[in-house]
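> sharing a sequence plus its predicted fold:
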Amino acid sequence: MVTLSTKSDQKILLELKGVKKYFPIKGGILKRVQGHVKAVEDVSLQLFEGESLGVVGESGCGKSTLGRAILGLEELTEGKIHFRNEEIQDLKRKEKLKFVKEMQMIFQDPYASLNPRQRIGHALEEVFTMHTNMSAKEKRSSVIDLLNEVGLKEEHFERYPHEFSGGQRQRIGIARAIALNPSFVICDEAVSALDVSVQAQVLKLLKTLQEKYQLSYLFISHDLGVIRYFCDRVLVMYLGNTVELGTVKGVFANPLHPYTQALLSAIPRPSVQKNTNRIRLQGDLPNPADPPSGCPFHTRCPIAQDICKINKPDWQEIEPGHFAACHYVGTKI
Amino acid sequence: MTNAILTTDIRTSGIKKKEKVYITTLKRLLKNKLAIAGIIIILVQITMAIFAPIIATHDPVKQNLIASELPVFSEGHWLGTDNYGRDVWSRIVYGARISLLVGVTAVSLGLIGGITLGLLGGYYKKLDGIIMRVVDLLFSFPGILLAMLIIAVLGTNLVNVAIAISIWSIPTCARIVRGSVLSIKEKEYIMAIKSLGASDFRIMMRHILPNAFAPIIVFGTMRMATAILSTASLSFLGLGAQPPTPEWGAMIAQGQAYMWTSPHLTIVPGIAIMLIVFAFNVVGDGLRDALDPNMDIQ
Ligand SMILES: Nc1ncnc2c1ncn2[C@@H]1O[C@H](COP(=O)(O)OP(=O)(O)OP(=O)(O)O)[C@@H](O)[C@H]1O
Ligand code: SF4
Ligand SMILES: [Mg+2]
């Protein structure tokens, strides 16, 4: 297992600059836009070649939207995305095809992400049909190589998605994502739907593939345990905002943002003692259509002060490679 | 080395060999007795249509005034003859060919038009408004009136009947398809194939349409019944098949005058129409029930 720290020689593969994604809320008889769900609010970050960047946060905080926005599956409301120093957010489909080969996605629900009417062999062949000029024979043999690569067999070629177990389907999803030799793969809750034992196998496969093909992962998960095991760095999101970013080591040892501290305190620990210092957050997650003023976390933050309700804290680099957005950064709660 | 670990969940998963969707559907359909009756009737009609020259005992348009208005079970004419002495059985057999041909043509054209509009409207938000306006407009005409209007413009013959009936099928089909497209396009596998760079055309043809297949096949089957009945109705009204074409509706129209002397001239084609309309309806119904659990596999 490679543990990457933030070395200065790391090459930037992907860079987000002020990325926003708002979904209009339409209502009334006239279907007028009545407001916006601020799913992703001003996200700026860099992703390095060969690293796994974990993204964690509560349900609805915009993790999936961020991933889809990077792939161009959602139009950005604002902001820029650079991939290998090329701006990609406004490209037309044809121009984007070369980036499609480089950037892929593994979806949370491996069943829902496969066409139920398509044999999985054909689903995989289709990727080559769309992007290469391979002959039917070449395609078939490439697909069989792929199946073997992810631990499936040639005999699975003719089967339909419903004939597989959850873990196998996710392997199919993985095979499809790596078919074109991408350099960047977004895993959106890629193992969340799987049993723990199967989860470990799939994570192992993802790691193996990462080492073999020098993949970078954006690894979306709500499971901090999995992120600690799998990722090099971690990004914490809250209500569409980035609240903390740093190496897994750094963030887990020294969480700077109160929200991160609360999340970390909630990880079940295998200790005999009761987890007495678990921080319970007050109140519910605010509505992303009507986010709180100032710091988005102030309605639930145990150490919130008056200024938090008025001014939004800046996203700053507190220690080298360790970012956070809080007026009282580093205060332990 | 890793493969040993990687394959463990395959061995323990216990894959069930499942049948293909259409075999499962067919099996379910065949549990439905009415549907079996319907299938048999349809198969009989298809056989009559294809092998009409062999099955028919006489030339369907050949007149024989000496042997006119023979009752059923007459010698050599088991369904009798009409007022011109034409063999009713042979006319029914050739009529099967006409009704099937017009029905299939009308339904196919209607499906092509309806699927195209429904796909485009459901997939492209920008086109949806205009397409649905047109569909609503077509919808606002009562069916048979619309068909009569179209025939009035195009002229009376069976080709125009097929066209008229197909145009009448378009709005319903477009709505059904659009509805399916709207729900299918939100599915994650559509997002997934988009993320792989698929073109809109590929997404519609390869991924949306096959998954909208169930409601389309049900609609198509039911529509065959309507199309056959409409062809007969229009011909009965003199807007479709012209004499001496052995069309069932036209046969009833001609037989009307002999209602009291030779009732078989109206009853026999009437039963033929009724049976085949019944058949397509029950098979359509059966298909809907048989397909339903498959429409969305999970
Ligand atoms: N197509 C859409 N239209 C309108 N609102 C949307 C759309 N997609 C997402 N949202 C909203 O944007 C917010 C972020 O959603 P997103 O799916 O990105 O969250 P998430 O962090 O991935 O959550 P989860 O952990 O449940 O997957 C949510 O409030 C969601 O309701
Ligand atoms: S800025 Fe204020 S409310 Fe926000 S996290 Fe920091 S202390 Fe809490
Ligand atoms: Mg999500």
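Arrived safely. Numbers count the residues shown, from 1 in each chain, chains lettered A, B, ... in the order given. Ligands and ions are numbered 1, 2, ... in the order given.
> and the least confident helix or strand in chain A by mean pLDDT, what does it pack against?
Sorting the helices and strands of chain A by mean pLDDT, DSSP states H and E puts helix A:93-102 at the bottom, at a mean of 86. Under the contact criterion of 3 or more Cβ pairs under 8 Å, 6 or more residues apart in numbering or on different chains; DSSP states H and E, helix A:93-102 touches helix A:120-131. (C-beta placed from N, C-alpha, C; glycine too.)
> extract the C-alpha trace of the following helix or strand past the helix it packs on and format it as CSV.
The helix or strand immediately downstream of helix A:120-131 is helix A:136-149, counting by DSSP states H and E. Provided in CSV are the C-alpha atoms of helix A:136-149 (Å, rounded to 0.1, in the frame of the first residue of the first chain):
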residue,chain,number,x,y,z
ALA,A,136,-15.9,-7.6,-33.2
LYS,A,137,-13.2,-10.2,-32.3
GLU,A,138,-10.9,-7.7,-30.7
LYS,A,139,-13.7,-6.2,-28.7
ARG,A,140,-14.7,-9.6,-27.4
SER,A,141,-11.2,-10.5,-26.4
SER,A,142,-10.7,-7.1,-24.7
VAL,A,143,-13.9,-7.6,-22.8
ILE,A,144,-12.8,-11.1,-21.6
ASP,A,145,-9.5,-9.6,-20.5
LEU,A,146,-11.4,-7.0,-18.6
LEU,A,147,-13.6,-9.5,-17.0
ASN,A,148,-10.6,-11.5,-15.8
GLU,A,149,-8.9,-8.3,-14.6
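> sorry, back to before: for the least confident helix or strand of chain A, buried residues please.
Within helix A:93-102, the residues that count as buried by 16 or more other Cβ atoms under 10 Å in any protein chain shown are A:96, A:99-102.
> please apply the same query to stretch B:56-64.
B:56, B:58, B:60.
> ok, stretch B:159-175 next?
Across stretch B:159-175, burial judged by 16+ other Cβ under 10 Å covers B:160-175.
> closest to ligand 1 out of those residues?
B:Arg175 (24.1 Å; Cβ to the nearest ligand atom).
> list the contacts for that closest one?
B:118, B:135 (Cβ atoms under 8 Å, 6 or more residues apart in numbering or on different chains).
> need the pLDDT of it.
For B:Arg175, the pLDDT comes out at 94.
> what ranges does chain B have for its strands?
Counting by DSSP state E, chain B yields no residue ranges for strands.
> what's the longest helix in it?
Taking DSSP state H as the criterion, chain B has its longest helix at helix B:88-123.
> pLDDT of that helix, averaged?
Averaging pLDDT along helix B:88-123 gives 96.
> residues of that helix that come out buried?
Buried residues in helix B:88-123, counted by 16+ other Cβ under 10 Å: B:88-100, B:102-107, B:109-111, B:113-123.
> just say helix, strand or coil for the residue in the stretch 101-250 of chain A that ligand 1 sits nearest to.
The stretch 101-250 of chain A approaches ligand 1 most closely through A:His222 (5.6 Å), counting by Cβ to the nearest ligand atom. Following DSSP: H, G, I helix; E, B strand; the rest coil, the label given to A:His222 is coil.
> mind listing what the closest residue to it other than its chain neighbours touches?
The spatially closest residue to A:His222, leaving aside those adjacent along the chain, is A:Val56, at 6.3 Å (Cβ to Cβ, 6 or more residues apart in numbering or on different chains). Residues in contact with A:Val56 (Cβ under 8 Å, 6+ apart) are A:63, A:221-224, A:227, A:234-237, A:263.
> ok, A:Lys139 next?
A:125, A:128-129, A:132 are the contacts of A:Lys139 under Cβ under 8 Å, 6+ apart.
> do that again at 7 Å, thanks
A:125, A:128-129 (Cβ atoms under 7 Å, 6 or more residues apart in numbering or on different chains).
> mind checking pLDDT for it?
95.
> and for B:Thr2?
Confidence score, pLDDT, at B:Thr2: 39.
> chain A: helices as residue ranges?
Using DSSP H, the helices of chain A run over A:63-70, A:93-102, A:120-131, A:136-149, A:166-178, A:196-213, A:224-230, A:248-253, A:258-265, A:306-310.
> residues of the stretch 51-200 of chain A that sit close to ligand 1?
Where the stretch 51-200 of chain A comes near ligand 1, counting by Cβ under 6 Å from any ligand atom, the residues are A:57, A:59-65.
> what's the closest of those to B:Pro210?
A:Ser64 (26.2 Å; Cβ to Cβ).
> what's the neighbour count on that closest one?
23 (other Cβ atoms under 10 Å in any protein chain shown).
> check contacts around it.
So A:Ser64 contacts A:188, A:220 (Cβ under 7 Å, 6+ apart).
> the closest residue to A:Ala177 other than its chain neighbours and B:Gly122, how far apart?
Of all residues not flanking A:Ala177 in the chain, A:Gln104 sits nearest, at 4.0 Å (Cβ to Cβ, 6+ apart). Distance of A:Gln104 to B:Gly122, computed by Cβ to Cβ, to the nearest Å: 27 Å.
> to the chain's geometric centre, what's the distance from stretch B:23-34?
Centroid separation for stretch B:23-34 versus its chain: 19 Å, with Cα atoms, centre = their mean, to the nearest Å.
> and that stretch, anywhere near chain A?
No: figure legend: stretch B:23-34 not in contact with chain A (Cβ under 7 Å from any Cβ of the partner chain); closest approach 11.1 Å.
> tell me the buried residues in that stretch?
B:25, B:28-29, B:32.
> and that stretch, C-alpha only, in PDB?
C-alpha atoms of stretch B:23-34 as PDB (Å, rounded to 0.1, in the frame of the first residue of the first chain):
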ATOM      1  CA  ILE B  23     -39.200 -16.700 -22.300                       C
ATOM      2  CA  THR B  24     -40.400 -15.900 -18.800                       C
ATOM      3  CA  THR B  25     -43.100 -13.600 -20.300                       C
ATOM      4  CA  LEU B  26     -44.200 -16.200 -22.700                       C
ATOM      5  CA  LYS B  27     -44.500 -18.800 -20.000                       C
ATOM      6  CA  ARG B  28     -46.600 -16.400 -17.900                       C
ATOM      7  CA  LEU B  29     -48.700 -15.600 -20.900                       C
ATOM      8  CA  LEU B  30     -49.400 -19.200 -21.600                       C
ATOM      9  CA  LYS B  31     -50.800 -19.600 -18.100                       C
ATOM     10  CA  ASN B  32     -53.600 -17.300 -19.100                       C
ATOM     11  CA  LYS B  33     -56.400 -19.400 -20.800                       C
ATOM     12  CA  LEU B  34     -58.000 -16.500 -22.600                       C
END
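> show me what contacts the residue nearest to A:Phe323 when sequence neighbours are not counted?
Spatial nearest neighbour of A:Phe323, chain neighbours left out: A:Leu245 (4.4 Å); criterion: Cβ to Cβ, 6+ apart. Applying Cβ under 7 Å, 6+ apart, we find A:Leu245 in contact with A:45, A:233, A:235, A:323.
> dump these to JSON lines, plus pLDDT, distance to ligand 2 and neighbour count.
Output for those, formatted as JSON lines (pLDDT from 0 to 100; distance: Cβ to the nearest ligand atom, whole Å; neighbours: other Cβ atoms under 10 Å in any protein chain shown):
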{"residue": "A:Leu45", "pLDDT": "93", "distance to ligand 2": "19", "neighbour count": "19"}
{"residue": "A:Arg233", "pLDDT": "97", "distance to ligand 2": "20", "neighbour count": "27"}
{"residue": "A:Leu235", "pLDDT": "97", "distance to ligand 2": "16", "neighbour count": "26"}
{"residue": "A:Phe323", "pLDDT": "96", "distance to ligand 2": "14", "neighbour count": "22"}
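> contacts with ligand 1 among those, please.
By Cβ under 6 Å from any ligand atom, no member of these lies near ligand 1.
> out of those residues, which are inside strands?
Of the positions in the contacts of A:Leu245, A:45, A:233, A:235, A:323 sit in strands, assigned by DSSP E.
> report the two of those residues separated the most.
A:Arg233 and A:Phe323 (10.2 Å).
> check the contact lists of the two and give me the overlap.
What both A:Arg233 and A:Phe323 touch, as defined by Cβ under 7 Å, 6+ apart, is the set A:245-246.
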